[in-house]
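Engineer: return a 3D structure for these sequence lines:
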Amino acid sequence: MPASPRTFTLSDFDFTLPPQLIAQHPAPERSASRLLDGRSTEPADRVFRDLPGLLRAGDLLVFNDTRVVKARVFGEKASGGKLELLIERVLTGNEVVAHMKVSKKPLPGAVVHLAGGLAGGGFDATLLSRWPEDDGPLFRFALQGPAGETPYDLMERHGHLPLPPYIERHQEGGDDPDAAEDAQRYQTVFARAPGAVAAPTAALHFDAGVLADLEARGVERASVTLHVGAGTFQPVKTENLAEHQMHSEWYEVPLATLAALERCRQRRGRVVAVGTTTVRTLESWALSGQATGDTRIFITPGFGFRVVDVLVTNFHLPKSTLMMLVSAFAGYEHVMGLYRHAIAQGYRFFSYGDAMLLQRPQPAH
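Structural biologist: Residues are numbered from 1 along each chain as shown. The predicted structure is shown next:
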């Protein structure tokens with residue numbers, strides 16, 4: 001009798017990471033990051049600018065072109081109590097939904113003053129409700145700024161890049177010495193559509209030289225959009241993975257990309273996803289048939305991939321949904337072995353860290 005498929009639990013995706021391996025700053029050059037080539041049984045240590053030579057003419061490289069917005073805004077309640085908003089999504093008009101960090105939550109109808117408030121050169125926000133339901137985890141606000149300024153304008157002028165919690169910065173008070181570096185390097189070179197609160201970090205390694213090399217070698221490029229939400233950093237808390245509630249993110253697969261995917265299939269090329277957000281977008285489209293919408297796709301071992309053949313990704317947090325996704329893609333034992341190798345070899349982890357190249361195992365014929 002064939003063996004029953006293994007049931008994975010949260011503890012299976014835990015590992016010990018030395019704190020000094022959590023990258024606090026990017027590599028001096030984007031493509032100078034290290035690349036752990038994990039396509040074969042034995043890992044190979046490379047440099048990211050080697051990537052074009054590891055792909056084939058006819059492959060299709062798919063990027064997430066989302067742009068990170070300065071979604072972290074500091075302010076205070078009418079009582080003077082400090083608060084912080086992380087604007088997760090812009091709705092219609094001047095309405096947004098946000099995470100709120102405050103000692104005592106204000107009630108609907110309350111006005112909070114952000115970046116000094118409208119009277120002090122900033123803007124105000126009226127709390128309307130919880131979101132998406134009456135007991136939802138986020139808060140819906142109506143923003144009031146100078147006439148004609150959109151929520152994106154207000155964030156760009158008064159907000160801060162919402163760096164992950166493991167990157168230590170002092171953003172409140174406007175004296176962050178790393179702000180200029182982060183503004184340039186926590187954004188991909190092809191970022192286009194504003195709306196993300198976290199960068200699609202595997203794409204941060206690409207620069208003009210790597211893109212030119214890919215084109216010269218006959219690797220086609222296409223893009224999707226998935227606005228990465230703050231939920232990407234939230235660890236799974238339930239030992240039973242089936243009990244985890246996945247966060248919702250908005251995505252779009254443009255018609256030009258659908259056409260590129262079909263051309264790739266016709267010529268028997270490989271679809272190479274840059275980052276887990278691209279994987280989630282493409283596989284959400286394949287499952288639902290919807291080229292745009294919201295996705296809560298949760299990819300764990302046993303998932304049947306329909307689109308992606310090769311994955312460029314960074315190293316992820318223990319017990320995270322992204323660890324589960326890469327384990328589903330390349331095999332649990334293989335991925336855990338690659339992580340042990342990366343730690344032993346001093347690879348840099350997480351958003352500003354190094355990259356890894358994975359290939360989906362092909363079924364035996």
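Engineer: only C-alpha atoms for contact and neighbour calcs from this point on.
Structural biologist: Will do.
Engineer: if we ignore the residues flanking it in sequence, what's nearest Ala260?
Structural biologist: Leaving out its chain neighbours, the residue that sits closest to Ala260 by Cα to Cα, 6 or more residues apart in numbering is Ala222, at 6.9 Å.
Engineer: beta partners for the one you found?
Structural biologist: Under DSSP bridges, the beta-bridge partners of Ala222 are Val62.
Engineer: tell me how far Glu42 lies from Gly337.
Structural biologist: 9 Å (Cα to Cα, to the nearest Å).
Engineer: compare the two (neighbour count), which wins?
Structural biologist: Gly337 (14 against 11; other Cα atoms under 10 Å).
Engineer: please identify the helix or strand for that one.
Structural biologist: helix 332-344 (DSSP states H and E).
Engineer: buried residues, that helix. List them.
Structural biologist: 332, 334-336, 338-339, 341-342 (16 or more other Cα atoms under 10 Å).
Engineer: now stretch 77-84
Structural biologist: In stretch 77-84, counting by 16+ other Cα under 10 Å, buried: 77, 82-84.
Engineer: so which of those are in strands?
Structural biologist: Within those, residues falling in strands by DSSP state E are 82-84.
Engineer: tell me how many other residues crowd Glu29.
Structural biologist: The tally of other residues near Glu29 (other Cα under 10 Å) stands at 11.
Engineer: now swap in Leu91 and tell me
Structural biologist: Leu91: 13 neighbours (other Cα under 10 Å).
Engineer: do Thr277 as well
Structural biologist: Other residues near Thr277 come to 27 when the count uses other Cα under 10 Å.
Engineer: and the strand or helix carrying it, what other elements does it pack with?
Structural biologist: Assigned by DSSP H and E, Thr277 belongs to helix 276-288. Applying 3 or more Cα pairs under 8 Å, 6 or more residues apart in numbering; DSSP states H and E, we find helix 276-288 packed against strand 60-64, strand 220-226, strand 292-295, strand 310-314, helix 321-330.
Engineer: could you pull out the helices for this protein?
Structural biologist: 51-54, 151-158, 179-185, 208-216, 255-266, 276-288, 321-330, 332-344 (DSSP state H).
Engineer: ok, of these, where does mean pLDDT dip lowest?
Structural biologist: For the helices of the chain, mean pLDDT drops lowest on helix 179-185, to a mean of 94.
Engineer: select, out of the helices and strands packed on helix 276-288, the one closest to Ala202.
Structural biologist: When the helices and strands packed on helix 276-288 are compared by Cα to Cα, strand 310-314 sits nearest Ala202, at 4.9 Å.
Engineer: sheet-wise, list the partners of that closest one with their directions.
Structural biologist: Partner strands for strand 310-314, per DSSP bridges, with pairing direction: strand 271-274 (parallel), strand 355-359 (antiparallel).
Engineer: ok, now which ones touch the closest residue to Phe139 other than its chain neighbours?
Structural biologist: Using Cα to Cα, 6+ apart and skipping residues adjacent in sequence, the residue nearest Phe139 is Arg130, 4.4 Å away. By Cα atoms under 8 Å, 6 or more residues apart in numbering, the contact set of Arg130 is 136-140.
Engineer: roughly how far does Arg130 sit from Ser248?
Structural biologist: From Arg130 to Ser248 the distance is 16 Å (Cα to Cα).
Engineer: just Pro137 next, same as before
Structural biologist: Noted for Pro137: a distance of 12 Å to Ser248, by Cα to Cα.
Engineer: which of the two has more neighbours?
Structural biologist: Using other Cα under 10 Å as the criterion, Pro137 and Ser248 rank with Ser248 on top: 17 against 13.
Engineer: can you list phi and psi of the nearest residue to that one once chain neighbours are set aside for me?
Structural biologist: Excluding the flanking residues, the one nearest Ser248 by Cα to Cα, 6+ apart is Arg296, at 4.8 Å. According to degrees, to the nearest 10, the main-chain angles of Arg296 amount to phi -120, psi 30.
Engineer: doesn't Met246 make contact with Arg296?
Structural biologist: Yes: at 5.4 Å, Arg296 counts as touching Met246 under the criterion of Cα atoms under 8 Å.
Engineer: on that earlier part again, buried residues in the helix holding Thr277?
Structural biologist: 276-285.
Engineer: out of those residues, who's nearest Asp309?
Structural biologist: Set against Asp309, the nearest of those by Cα to Cα is Val279 (9.8 Å).
Engineer: would you confirm that the closest one contacts Trp285?
Structural biologist: No: applying Cα under 8 Å as the test, Val279 and Trp285 come out as separate, 10.0 Å apart.
Engineer: can you put the buried residues of helix 332-344 in CSV and add distance to Gly148?
Structural biologist: Listed next are these as CSV, based on distance: Cα to Cα, whole Å:
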residue, distance to Gly148
Tyr332, 51
His334, 53
Val335, 50
Met336, 51
Leu338, 51
Tyr339, 49
His341, 53
Ala342, 50
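Engineer: look at Leu311 and report its pLDDT.
Structural biologist: 98.
Engineer: what's opposite it in the beta bridge?
Structural biologist: Counting by DSSP bridges, the residues bridging with Leu311 are Ala273, Leu358.
Engineer: how near is it to Glu172?
Structural biologist: 36 Å.
Engineer: and what of Pro52?
Structural biologist: Pro52 sits 40 Å away from Glu172, taking Cα to Cα as the criterion.
Engineer: so for these two, which sits in the more crowded spot?
Structural biologist: More crowded of Pro52 and Glu172, by other Cα under 10 Å: Pro52, with 19 against 15.
Engineer: sorry, back to before: please name every helix or strand in contact with the helix holding Gly337.
Structural biologist: Judged by 3+ Cα pairs under 8 Å, 6+ apart, helix 332-344 is in contact with helix 321-330.
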